[in-house]
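> need a structure here:
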Amino acid sequence: MLLTRIKGPRDLDRLSQEELEQLAAEIRSFLVDAVSKTGGHLGPNLGVVELTIALHRVFDSPKDKVLFDTGHQAYVHKLLTGRQDFGSLRAKGGLSGYPSRAESDHDVIENSHASTVLGWADGIAKANEVLGREDHHVAAVIGDGALTGGMAWEALNNIAAAKDRPLVIVVNDNERSYGPTIGGLANHLATLRTTDGYERFLARGKDLLERTPVVGKPLYETLHGAKKGLKDFIAPQGMFEDLGLKYIGPIDGHDIEALESALQRAKRFSGPVIVHCLTQKGRGYEPAVQDEADRFHAVGVIHPDTGLPVSTDAASWTSVFADEMVRLGKERKDIVAITAAMLQPVGLKKFADAYPDRIFDVGIAEQHGATSAAGLATGGAHPVFAVYATFLNRAFDQVLMDVALHKCGVTFVLDRAGVTGTDGASHNGMWDMSILQVVPGLRLAAPRDAEQLRAQLNEAVLVKDAPTVVRFSKGVVGPAVPAVGRIGGMDVLRTPSAEVTRPDVLVVSVGALAPMCLEIADLLDKQGISSTVVDPRWVKPVDEALAPLADRHRVVVTVEDNGRAGGVGSAVAQALRDAGVDVPLRDFGIPQRFLDHATRKEVMAEIGLTAPDIARQVTGLVAKLDGRYDNEPAAAVD
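Coordinates of the predicted model:
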């Protein structure tokens, strides 16, 4: 196999065009076989095989910087830069599903959030200029979906201002982000796809005119000099050139020879250039091509021959939300939904099918989505903006200044909150409950099971004068966790025996960690430590009944699937101080560090967010209160 001979990008230089085509076929077979076993981003990588080969033939990585946005299409790049062990892709200790600086000098950006690559490219190109590195080049690959993000256009505005600063922007145009790309930019690119490009026209015209005696060459030069108007007539790429960007394309993104030619021309140019490449997401794998939803953007473990899942999961948090949104839409005509280019992943596809006039896909533009939601609320609708928890970080200013300041009734639904695991550091939703704590008036719910998700979503959309947030985990929703009572607005999940006058520990359980907290209580009970477990349901603001309840216990413990800094534990501690309740509090959550990719269970074990780990520490804390010394520990907790 040719692929096994590729140890680095320069090994590509020795291959003929025929061998390059064979290599492309081998890479596609490898990806289908490998990713079907591990799960991962399959469709995007099948679509950029030839493009990645051409990039590494033309540019000299790592001296030249080849940058990917968002990075989920970098599997081919990994293969061509010496990383062909995909057996543990996205698993603990294995290859990351995104570029990773720890893996290779060829990897630059690893944040995995869309629309950032042009900002990176602008900065690196400026550094090359300042430091006199004239033989260093920058090539930034951005999808048509990522180009819908505002950050991309802010960067383009700066890139275009430097007419003589070399920078190659490769637009990977497959008409999709997760699903089909939408909006004005998408329409513009569609126009470019369906017309003959100027470069192709001019090449044909040059051949003809140069064979015409006397007037041929002068006429060609006249046409070339009038290229701006001619280009607008043949292919309206004027939008890019109006910004001051040289435009090449559209190029067949699966023709290695054409790609290399275009990239070489762009590389030689002394200013910013856009190379517009047309690719097909999922190319070469029929199940992906036939998948209209997202062309196998991301898959679990599948049968490679059919593309069907190996196993069918039980109901997920997302599916529970999806069904409840359809029911709410039927009940209330003012309910509208917003997605940032992730209609299917966040569970809004059913709502869109049922109420096509009440769904708004803003593209990869979370900031705009939040402010547009404020406008919708001001106009009398109640928007529900469903987004991954990690991506709400990008719209914090809009949540604060547009939604909250103006007391707009907007509901944000945060999917994949907490530890998500295999997608790595940038996708863990571990910041939302910290950053949202500072937003005045905002109310935040963390449902513990499917029943509570439905109930709290219904409660959230009733709020008309403030933002509300409902957050839930990735994956399968667990069994129902019934309440045994209610104190204030909090559900009581467990109480100590009646003869206990002052229980030892109050466990404040946040969201889906309720089963773990009940397990902690069981382990403490085996040590003779009594406990009460409550679920606040709405963790912001802190329930007024919590402080008096805490005062009736010896220790308060908070357990949350969020960063410890500024999270629910911090808010509870402040509420107790404000109420004059002087009870020791221990907060358990995610440490403030970027977590390596692994399964959720492995990450939770690594950070000590498990029932035995927490019960052991709480047992030690109670032992100290009982007057035991550190050298006389309580019995071990199994």
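> Quick one: mean pLDDT for the one helix or strand residue 327 maps to?
Using DSSP states H and E, residue 327 sits within helix 317-331. Across helix 317-331, pLDDT averages out at 97.
> contact partners of that helix?
Identification of contacts with helix 317-331 by CB atoms under 8 Å, 6 or more residues apart in numbering yields 335, 337, 345-351, 354-355, 358, 384, 386, 413, 415, 450, 453-454, 457-458, 461, 472-477, 512. (C-beta placed from N, C-alpha, C; glycine too.)
> Mark which of those are part of helices, please.
Judged by DSSP state H, the contacts of helix 317-331 include 349, 350, 351, 354, 450, 453, 454, 457, 458 as members of helices.
> Show the buried residues in those.
In the ones in helices among the contacts of helix 317-331, burial by neighbour count holds for 349, 350, 351, 450, 453, 454, 457, counting by 16 or more other CB atoms under 10 Å.
> element containing the closest residue to the first one other than its chain neighbours?
In space, residue 349 comes closest to residue 343 once its chain neighbours are excluded; the distance is 5.4 Å by CB to CB, 6 or more residues apart in numbering. Mapping residue 343 onto the secondary structure by DSSP H and E places it in no helix or strand at all.
> distance of residue 343 from residue 362?
Distance, residue 343 to residue 362, using CB to CB, to the nearest Å: 11 Å.
> same check, this time on residue 610
Relative to residue 362, residue 610 is positioned 39 Å away (CB to CB).
> more neighbours, those two?
Taking other CB atoms under 10 Å, residue 610 and residue 362 do not tie; residue 362 has more neighbours (22 against 17).
> Quick one, grab the pLDDT at the nearest residue to that one once chain neighbours are set aside.
What sits nearest to residue 362 in space, not counting adjacent residues and going by CB to CB, 6+ apart, is residue 369, at 4.3 Å. At residue 369, the pLDDT value in this model is 96.
> Show me which positions of the strand or helix carrying residue 369 end up buried.
Taking DSSP H and E as the definition, residue 369 sits inside helix 366-378. Of the residues in helix 366-378, 366, 367, 368, 369, 370, 371, 372, 373, 374, 376, 377 count as buried by neighbour count, 16+ other CB under 10 Å.
> quick check, nearest of these to residue 77?
Residue 77 lies nearest to residue 366 out of the buried residues of helix 366-378, by CB to CB, at 26.2 Å.
> Just to check, the closest one is in contact with residue 395?
Yes: Residue 366 is within contact range of residue 395, at 4.2 Å (criterion: CB atoms under 8 Å).
> hmm, back to that, any residues touching the helix holding residue 369, and which ones?
So helix 366-378 is contacted by 150, 336, 338-340, 360, 362, 382-383, 385, 387, 391-392, 394-395, 397-399, 402-403, 406, 408-410, 412, 464 (CB under 8 Å, 6+ apart).
> ditto for stretch 476-486
Here stretch 476-486 makes contact (CB under 8 Å, 6+ apart) with 313-317, 320, 448-451, 453, 491-495, 512, 514-515, 518, 535.
> mind running it again at 10 Å?
313-321, 447-453, 490-495, 509, 512, 514-515, 517-518, 532-535, 537, 545 (CB atoms under 10 Å, 6 or more residues apart in numbering).
> what's the answer for stretch 255-263, then?
12, 15, 17, 20-21, 23-24, 49-55, 57-59, 139, 168, 170, 199-200, 248-253, 273, 275-279.
> taking those residues one by one, which sit in helices?
17, 20-21, 23-24, 49-55, 57-58, 199-200.
> Of those, which is the nearest to residue 503?
So of the ones in helices among the contacts of stretch 255-263, ranked by how close each gets to residue 503 (CB to CB), first place is residue 52, at 60.2 Å.
> show me where the stretch 401-550 of the chain has helices.
Taking DSSP state H, counting those that start in this stretch, the helices of the stretch 401-550 of the chain run over residues 432-435, 450-460, 514-526, 546-551.
> And the closest residue to residue 527 other than its chain neighbours, its phi and psi?
Of all residues beyond its chain neighbours, the one nearest residue 527 is residue 619 (5.2 Å), with distances taken as CB to CB, 6+ apart. Taking degrees, to the nearest 10, you get phi -60, psi -40 for the backbone angles of residue 619.
> just for this protein, where's the confidence low?
176-239, 312-313, 628-638 (pLDDT under 70).
> Mind doing that once more with 80?
The chain contains residues with pLDDT under 80 at 111-112, 175-244, 292-294, 311-314, 628-638.
> In it, where's the longest strand?
If you go by DSSP state E, the chain has its longest strand at strand 555-563.
> CA-only coordinates of that strand in CSV, if you can.
Provided in CSV are the C-alpha atoms of strand 555-563 (Å, rounded to 0.1, in the frame of the first residue of the first chain):
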residue,chain,number,x,y,z
VAL,A,555,-21.5,19.8,56.6
VAL,A,556,-22.6,20.9,53.2
VAL,A,557,-21.4,19.2,50.0
THR,A,558,-22.1,20.3,46.5
VAL,A,559,-21.6,18.0,43.5
GLU,A,560,-21.7,19.5,40.0
ASP,A,561,-20.6,18.6,36.4
ASN,A,562,-19.0,22.1,36.0
GLY,A,563,-15.8,23.8,36.8
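> I'd like to check the angle between it and helix 514-526, please.
150 degrees (axes from the mean of the first three to the mean of the last three CA atoms, to 10 degrees).
> and residue 9, how far is that from residue 23?
From residue 9 to residue 23 the distance is 12 Å (CB to CB).
> okay, and the common contacts of those two?
With CB under 10 Å, 6+ apart as the test, residue 9 and residue 23 both reach 53, 80.
> which SS state does the residue lying closest to residue 134 once chain neighbours are set aside fall under?
The shortest distance from residue 134 to any non-neighbouring residue, by CB to CB, 6+ apart, is to residue 128 (7.7 Å). Here residue 128 is helix, with the state taken from DSSP: H, G, I helix; E, B strand; the rest coil.
> how about residue 128, what does it touch?
64, 65, 134, 135, 136, 137, 138, 165, 166, 167.
> Next: residue 84.
Going by CB under 10 Å, 6+ apart, the list of residues near residue 84 reads 3, 4, 6, 7, 27, 30, 34, 78, 95.
> Was I right to think the second one contacts residue 26?
When you say that, I think you mean residue 4. Yes: counting by CB atoms under 10 Å, residue 4 does reach residue 26; the two are 8.9 Å apart.
> and residue 135, how many neighbours?
Residues lying near residue 135 (other CB under 10 Å) number 9.
> what's the neighbour count on the spatially closest residue to it that is not a sequence neighbour?
Excluding the flanking residues, the one nearest residue 135 by CB to CB, 6+ apart is residue 63, at 7.6 Å. Residue 63 is flanked by 11 other residues according to other CB under 10 Å.
> for residue 63, phi and psi?
phi -60, psi -50.
> residue contacts, it?
Residue 63 neighbours (CB under 10 Å, 6+ apart): 105, 133, 135, 136, 137.
> That one and residue 102: what is the separation?
20 Å.
> tell me the contacts of the closest residue in space to residue 506 that isn't next to it in sequence?
Spatial nearest neighbour of residue 506, excluding adjacent residues (CB to CB, 6+ apart): residue 553 at 4.0 Å. By CB under 10 Å, 6+ apart, the contact list for residue 553 reads 496, 502-507, 530-532, 581, 583-584.
> So residue 453 sits against residue 415, correct?
No: counting by CB under 10 Å, residue 453 stays clear of residue 415, with 11.1 Å between them.
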